[in-house]
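> turn this into a structure:
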Amino acid sequence: MVTADQFSMFLARRILVQGADVIAILGSGFGLYGYLPALVKGCGQRVLLSERHRAPFQQRPELARFADDIQWAPDEASALELADGVILALQPSDQSDWIPRCLARPNLRRMIVEKPIAPFPEKAGVLLEDLSRSGKILRIGYTFRYTDWAGRIRTAVRRSGASKRLVIQWSFLAHHSRNDLRNWKQFTDCGGGAIRFYGIQLIALLAELGYEVPIASQSFGSSVDVVEKWTASFSGSRLPECDVVVDTRSAIEKFRAELLFTSGTEPGQVFADLSDPFESPAAESSEGLDRRVPALSRLCRSLWEQSSDDGAWHKATIDLWRSVEERTSFKQVGQDG
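Numbers count the residues shown, from 1 in each chain. Next up, the predicted model:
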């Protein structure tokens, strides 16, 4: 247990230390096994964690190598007091509570907020306006942007015409379904489900590419609050139409993205044919770390890189998400439907 005196001593030392920033992570799940190694191994930054996250950290042996890079704070508020930046990797409803507290701290110059930033697009839009006005360097956990296949799509669609169609299919068995768990990631009202938790990654990527209009959108599940499959089509100015399928209850794990000729007479261009969107070479995914760490490392490094403002993209993503929700029709299906 970190005592108040020990933390005060660290605070005094921190004032004299130059070099790498100290980043607070709020969240004991993905914040630990995803963002912690991304910050330390991928970016060379130091990390602040609340003392109550020590037990979850110790339960993950693959993270033991990062123990010396962590400073333990008595609680989240103490961590935010000391940090130069913060990563919010929390349930969307909790992020809605923590974002205003982080914005009130001028010492927090950099922020990453996990997706979705709020349970529904209207609330996300309000929070995004507050984040944008704060002047802080902001990133959102839209990690598809940082995959190699996304870069290939970005180049190709800008050169393709109406004779082609972009098709993205993502099928897998969600962790909560595989393990018969009941958690927020399966419930639409909590920011979960095939659209809000999983599909938002594709919505963000399509918004960045310039897609603006959902032509059609349909969701499937046992109820409107348990959406397990989503299909949609999108259009954008001078872009090929795009079809997406996200199936979170599939026995087949597959991620495929390709640009097809609508006539069907010519071979298409395959950008990804993977078991999962974050599948990467063995060298990148070794050492027992989560497969998303390489993409998360690129996301985290962007906090310190000179790059264009992501504000317009963030707004376009929320706008497209809102349009998708308005356009979506729901069909009830059974567990095997």
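> use CA for all of it now, contacts and neighbours both
OK.
> contacts for stretch 28-36?
Stretch 28-36 has contacts (C-alpha atoms under 8 Å, 6 or more residues apart in numbering) with 25, 47, 53, 56-57, 60, 63, 87-90, 289-290, 292-293, 296-297.
> what do you get if the cut-off is 7 Å, keeping everything else the same?
25, 53, 56-57, 89, 290, 292-293, 296 (C-alpha atoms under 7 Å, 6 or more residues apart in numbering).
> stretch 208-224 now?
Stretch 208-224 is contacted by residues 154, 227-236, 313, 320, 323-324, 327-335 when judged by C-alpha under 7 Å, 6+ apart.
> which ones among those residues lie within strands?
Residues of the contacts of stretch 208-224 located in strands (DSSP state E): 227-235, 329-332.
> still on that earlier bit, would you show me how to pick out the buried ones of the contacts of stretch 28-36 in ChimeraX?
Applying 16 or more other C-alpha atoms under 10 Å to the contacts of stretch 28-36 leaves a buried subset, and the ChimeraX line that selects it is:
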select :25,53,57,89,290,292,293,296
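> strands - which of the contacts of stretch 28-36 land there?
Mapping the contacts of stretch 28-36 onto strands (DSSP E) picks out Ile25.
> pick the one among the contacts of stretch 28-36 closest to Pro119.
Checking the contacts of stretch 28-36 against Pro119 by C-alpha to C-alpha gives Ala89 as the nearest, at 13.5 Å.
> what sits against the closest one?
For Ala89, the contacting residues are 26-27, 30-31, 113-114, by C-alpha under 7 Å, 6+ apart.
> so which of these sit within helices?
The helices, defined by DSSP state H, take in Phe30 from the contacts of Ala89.
> compare the contacts of Ala89 and tell me which has the most neighbours.
Within the contacts of Ala89, neighbour counts (other C-alpha atoms under 10 Å) peak at Leu26, which reaches 25 neighbours.
> beta partners of the nearest residue to that residue once chain neighbours are set aside?
When the adjacent residues along the chain are set aside, Leu26 lies closest to Leu88, with 5.1 Å between them (C-alpha to C-alpha, 6 or more residues apart in numbering). Here Leu88 shows beta-bridge partners Leu26, Val113, assigned using DSSP bridges.
> longest helix in the protein, by residue count?
helix 311-327.
> now do the contacts for the residue nearest to the spatial centre of the chain.
Centrality entry for the chain: nearest residue to the mean C-alpha point is Gly141, 3.0 Å, by C-alpha atoms, centre = their mean. Neighbouring residues of Gly141 by C-alpha under 7 Å, 6+ apart: 112-115.
> so where does Glu258 fall, helix or strand?
strand 249-261 (DSSP states H and E).
> check which residues of that strand are buried.
Using 16+ other C-alpha under 10 Å as the test for burial, strand 249-261 gives 249-250, 253-261.
> just checking, what packs against that strand?
Helices and strands touching strand 249-261, by 3 or more C-alpha pairs under 7 Å, 6 or more residues apart in numbering; DSSP states H and E, are strand 164-173, strand 269-274.
> centre of the chain versus the last one, how much separation?
If I follow you right, that is strand 269-274. From the chain centre to the centre of strand 269-274 is a distance of 21 Å (C-alpha atoms, centre = their mean, to the nearest Å).
> who does that strand pair up with?
Using DSSP bridges, the strands paired with strand 269-274 in its sheet are strand 249-261 (antiparallel).
> for Leu303, helix, strand, or coil?
Put simply, Leu303 is helix when judged by DSSP: H, G, I helix; E, B strand; the rest coil.
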